[in-house]
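>>> Attaching a predicted model along with its sequence, questions to come.
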Amino acid sequence: MAQSSDVRVGQARRSLRAALLIGTALAGIAPARAALAQETPAEAAQPPKGWLNIEADTGRYIENGDVFIAEGNVHITYEGRTLDADRVEYSQATGQVKATGNVVLRDPSGAAFTTQEVELTDDLREGVIKGLQAVLGDGSQLAAQSARRTDGNRTVLSYAVYSPCNVCDGEKPLWQVKARRVVHDQAEHTLRYKDAVMEVKGVPVFYLPYLEHPDPTVDRRTGLLTPGFSTDSELGIGVEMPFYWAPSDSVDFTLTPKWTTNEGIILGGEYRQNVGFGTHEFSGSITRPKDRDENNMRLDDHIIRGHLFGNGRYNLGNTWRGGFDVAYTTDDTYLRRYDISRADSLTNNFFVDHISEQELLSIDAYAFQGLRQEDVQAQIPVILPMIDYQYRSLPGWMNSVWSTESNFLALNRSDGIDMYRLSGTGSWELPFTNQLGQQFRLTASMRGDLYVVNDPERSTDADAEGRLAPSLAMDWSWPFARSTSNGLQHIIEPIASLVVAPNESNPEDIPNEDSIDVQFSELNLFRHNRSPGFDILESGTRVNYGVRYSLIDDSGIQGSMLVGQSWRLSGQSPFPANSGLDNDRSDIITSMMLSVPGLIELHHSMRLDESDLSIEKNQVQIYAGPEDWNLQLGYLDVSAQGFDTSLPHREEINLGAYAKLSDQWSANGSIIQSFDKNVGTIEWAVGVAYQSRCIRLETTLRRNYAEDRDIRPSTSVYFKIALANLGM
């Protein structure tokens, strides 16, 4: 006759807690009965490792105490695994646990298996499940007619279906995979299918005899990634199939072959590695299309085209770091023709930096590759090395500060001028504020430069040239601040600076290598030397003046305005025509910034001719709208300027927009439009994307109007579909 434990544990329907020692420690029935004979308080500590913990409404023994039955809200835990059911039979003789009614089995990974009946071993690691439904760690679902669980981490499912999509009652998932057999190996974090059929909304799409993919717990795994499809009026139809290889936790590769109907196969790849004290990565591509003549007509011969990009960043100590950026392409137009990059020049840089509280040391090497039709590679310099050192003392007497700056440069060409430069500057700064709140900064400096120049057109021997350039400057500002009752803080600040320096500081024998592109703006209006490099030194006495207005709000709103000009009192300007600094009175600089969080961010700068206030440069950048929909607008209007006055007047606008249409759908678009009627539209693109938990779809239509040798105006369409846990 069955024995009931209800009398010994108290009144019926009270919570029953039993701790059963399993494994080899279960030598007899008596210890288990002794454990069951005592009710454990709800606040009791969890049982030790190796103990099976059972909670239920009622519990009793049958068959002379060999079988224990728990009924009503049964909850069993064992070393991170849990089992919930309406009824559980535990046989101490066989070590089997049979659960029925609303069974839910959870493992340490977070996966949950539901069924109506399951038979398991007493450690919940192995068993047979009928009518399985499983929810994996990320919410993906598995269902099967039956399943066998072995080793606590391997589940074999018969006639199963898998989908990461949310499924509403009575609806088919967006996509699912059905298979005759599925093995979920939790040790390898892998799902393997045999005789798999992919279905979209219940409609079979294709069949695979074998399919394998990582389960949702995996962040990176060797295998195929999501393919991409495109069509281009120049390249033709394209299909790319990326393959990802992760041989270790610190290294991975992506190999991306792309087949095109017009240009053949383009093989691309990426390599990434973490070396502990830093990281580096490389990307590149190679192809072998038919050569083309000057009229862009295909020839019979094939050529090799490709590119290589790379970068690395390394921590070499507490204050030292090093790295590199490399870029190379086989020819001028390859990057643009194959939509890899739109750069018109490539920079290679190797560097080592030392940065501390008071000093900076930088050692660099540079090599450049020109991609414009007029570039002559032999005339483009190689810099090896360029060394910069800066030191700034701590505040001393009356808060004054000493600083030094030095530079060494070795510049060589295969065809053209070679130059070696050593430059050094010593400065002393004294800041002070008077009782009216006026702020002053007195700066005295001395700079010396030594050049060795080898110009084959002038002499077979190298020439040496030097200069000394003292300067004295006084900076002044007088900020007036006012706060209003609504939390706004207004600051109006007149600013001026006087710089006194020799009238002539640029000998003709010193070549200009690093100060060709002069951009006069609000960023350098009040600098003592507005030359962007070392080779040109701004000379003469000049005064810079302007006024700045700032607005600050407690809510995060910020705004500022600046108007200013420079007036040269003596000496000649070393800057080129149309630079804005070539006359005694400079062009007038204006700038404005407004930032309202979540609404708008506006940046506007303008340069006006000082004689007639005509616009020489006008630049606007606007970001408007919240995160879910926004608009980006850029406008540029700039006259020909600088040493290369052959560059045309440029006026163009670029517009971009993004809109989140719903929780899943979004759209974006962009256009670059020139106001020159001979140029017109430069490029436009529109795209649509759909994103849900189980799938991402995106497509982009782009039209490019650029022309350069073998680059012709082209239209392209790109489409990509990514399935969750299958490359997404």
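Ah, there it is. Bear in mind that the values here come from a model prediction, so they are computed numbers and not experimental data.
>>> Doesn't Trp567 lie inside a strand?
Yes. Secondary structure assignment places Trp567 in a strand (DSSP: H, G, I helix; E, B strand; the rest coil).
>>> Which strand residues bridge it?
Listed by DSSP bridges, the beta-bridge partners for Trp567 are Val543, Arg585.
>>> quick one, strands of the stretch 351-500 of the chain?
For the stretch 351-500 of the chain, strands defined by DSSP state E, counting those that start in this stretch occupy the ranges 359-370, 382-392, 401-412, 418-433, 439-454, 463-477, 480-483, 488-500.
>>> nearest to Val326, of those strands?
Among the strands of the stretch 351-500 of the chain, strand 359-370 comes nearest to Val326, with 9.0 Å by CB to CB. To be clear about C-beta, it is placed using only N, CA and C from the backbone, and glycine gets the same treatment.
>>> counting contacts, what elements does that closest one pack onto?
In this structure, strand 359-370 packs against strand 320-329, strand 345-355, strand 382-392, with contacts taken as 3 or more CB pairs under 8 Å, 6 or more residues apart in numbering; DSSP states H and E.
>>> could you give the angle of the shortest one to strand 345-355?
When you say that, I think you mean strand 320-329. Computed with axes from the mean of the first three to the mean of the last three CA atoms, to 10 degrees, the direction of strand 320-329 lies at 170 degrees from that of strand 345-355.
>>> Check the offset of whichever helix or strand comes after strand 320-329 from the chain's centre.
Downstream of strand 320-329, the first helix or strand assigned by DSSP states H and E is helix 334-337. On the basis of CA atoms, centre = their mean, to the nearest Å, helix 334-337 is displaced by 23 Å from the centre of the chain it belongs to.
>>> Does anything pack onto helix 334-337? Which helices or strands?
Taking 3+ CB pairs under 8 Å, 6+ apart as contact, the helices and strands that helix 334-337 lies on are strand 305-315.
>>> Off-centre distance for the strand it packs on?
Averaging C-alpha positions (CA atoms, centre = their mean) puts strand 305-315 16 Å from its chain's average.
>>> and the most centrally placed residue in the chain, what does it touch?
Nearest to the mean C-alpha position of the chain, by CA atoms, centre = their mean, lies Glu281 at 13.8 Å. Contact partners of Glu281, counting by CB atoms under 8 Å, 6 or more residues apart in numbering, are 270-273, 310-312.
>>> which one is Tyr635 nearest to, not counting chain neighbours?
Spatial nearest neighbour of Tyr635, excluding adjacent residues (CB to CB, 6 or more residues apart in numbering): Val620 at 4.3 Å.
>>> likewise Tyr210?
Taking CB to CB, 6+ apart as the measure, Tyr210 lies nearest to Lys194, with 6.2 Å between them; neighbours along the chain are not counted.
>>> From Leu208, how far out is that neighbour?
The gap separating Lys194 from Leu208 is 9 Å, by CB to CB, to the nearest Å.
>>> go on, Ile721?
16 Å.
>>> So between those two, which is more surrounded?
Neighbour count, other CB atoms under 10 Å: between Ile721 and Leu208, Ile721 has more, with 18 against 14.
>>> now for the one helix or strand the more buried one maps to, which elements pack on it?
According to DSSP H and E, Ile721 maps onto strand 714-723. Here strand 714-723 is seen to pack against strand 228-232, strand 695-704 when contacts are counted using 3+ CB pairs under 8 Å, 6+ apart.
>>> Which one of the ones you listed lies nearest to Ile286?
Proximity of the helices and strands packed on strand 714-723 to Ile286 was assessed by CB to CB; the nearest stretch is strand 228-232, lying at 18.4 Å.
>>> out of everything not next to it in sequence, what's closest to Thr319?
Ser356 (4.9 Å).
>>> circling back to that earlier point, which element is the residue nearest to the centre of the chain on?
Secondary structure (DSSP H and E) places Glu281 in strand 278-287.
>>> for Leu208, same thing?
Per DSSP H and E, Leu208 falls inside strand 203-214.
>>> so where's the stretch 101-250 of the chain uncertain?
In the prediction, the stretch 101-250 of the chain carries residues with pLDDT under 70 at positions 109, 122-125, 152, 168-170.
>>> Same question for the chain.
1-52, 63, 109, 122-125, 152, 168-170, 640-647, 727-728.
>>> For stretch 424-441, give me every contacting residue.
By CB under 8 Å, 6+ apart, the residues outside stretch 424-441 that reach it are 398-407, 442-449, 474-479.
>>> What about Gly556? Give its phi and psi, please.
Backbone geometry at Gly556, expressed as degrees, to the nearest 10, gives phi 110, psi 0.
>>> If we ignore the residues flanking it in sequence, what's nearest it?
Closest to Gly556 by CB to CB, 6+ apart is Pro597, at 4.5 Å.
>>> quick one: contacts for the one you found?
With the criterion set at CB under 8 Å, 6+ apart, Pro597 makes contact with 555-557.
>>> And for Phe243?
Phe243 makes contact with 223-225, 254-256 under the criterion CB under 8 Å, 6+ apart.
>>> okay, now the residue nearest to Thr319: neighbour count?
11.
>>> Look up how far Asn318 lies from it.
Taking CB to CB as the criterion, Ser356 is separated from Asn318 by 9 Å.
>>> close enough to count as contact, Leu661 and Asn668?
No. Using CB atoms under 8 Å, Leu661 makes no contact with Asn668, being 10.8 Å away.
>>> If you count surrounding residues, which of these two has more?
Set side by side, Leu661 and Asn668 give different neighbour counts by other CB under 10 Å, the larger being at Asn668 (16 against 13).
>>> secondary structure element for that one?
Secondary structure (DSSP H and E) places Asn668 in strand 665-674.
>>> in that strand, what counts as buried?
Buried residues in strand 665-674, counting neighbours by 16 or more other CB atoms under 10 Å, are found at 666, 668-674.
>>> tell me what that strand is packed against?
Applying 3+ CB pairs under 8 Å, 6+ apart, one finds that strand 665-674 makes contact with strand 650-660, strand 681-691.
>>> May I see the buried residues of the last one?
By 16+ other CB under 10 Å, the buried positions in strand 681-691 come out as 682-685, 687, 689, 691.
>>> With respect to His604, which of the contacts of Glu281 is nearest?
Checking the contacts of Glu281 against His604 by CB to CB gives Asn311 as the nearest, at 33.6 Å.
>>> Serialize the helices and strands packed on strand 359-370 to JSON lines and add fields for mean neighbour count.
Converted to JSON lines, those look like this (neighbours: other CB atoms under 10 Å):
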{"stretch": "strand 320-329", "mean neighbour count": "17"}
{"stretch": "strand 345-355", "mean neighbour count": "16"}
{"stretch": "strand 382-392", "mean neighbour count": "16"}
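>>> Against Ala378, how distant is the closest residue to Leu174 other than its chain neighbours?
Closest residue to Leu174 in three dimensions, ignoring its sequence neighbours and counting by CB to CB, 6+ apart: Cys165, at 4.7 Å. Cys165 sits 60 Å away from Ala378 when distances are taken as CB to CB.
>>> do the same with Ser356
For Ser356, the distance to Ala378 (CB to CB) stands at 40 Å.
>>> cool, Leu136 as well?
Between Leu136 and Ala378 the computed distance is 61 Å (CB to CB).
>>> Looking at those two, which is more packed in?
Here Leu136 and Ala378 are compared on neighbour count by other CB under 10 Å; more neighbours surround Leu136, at 22 against 8.
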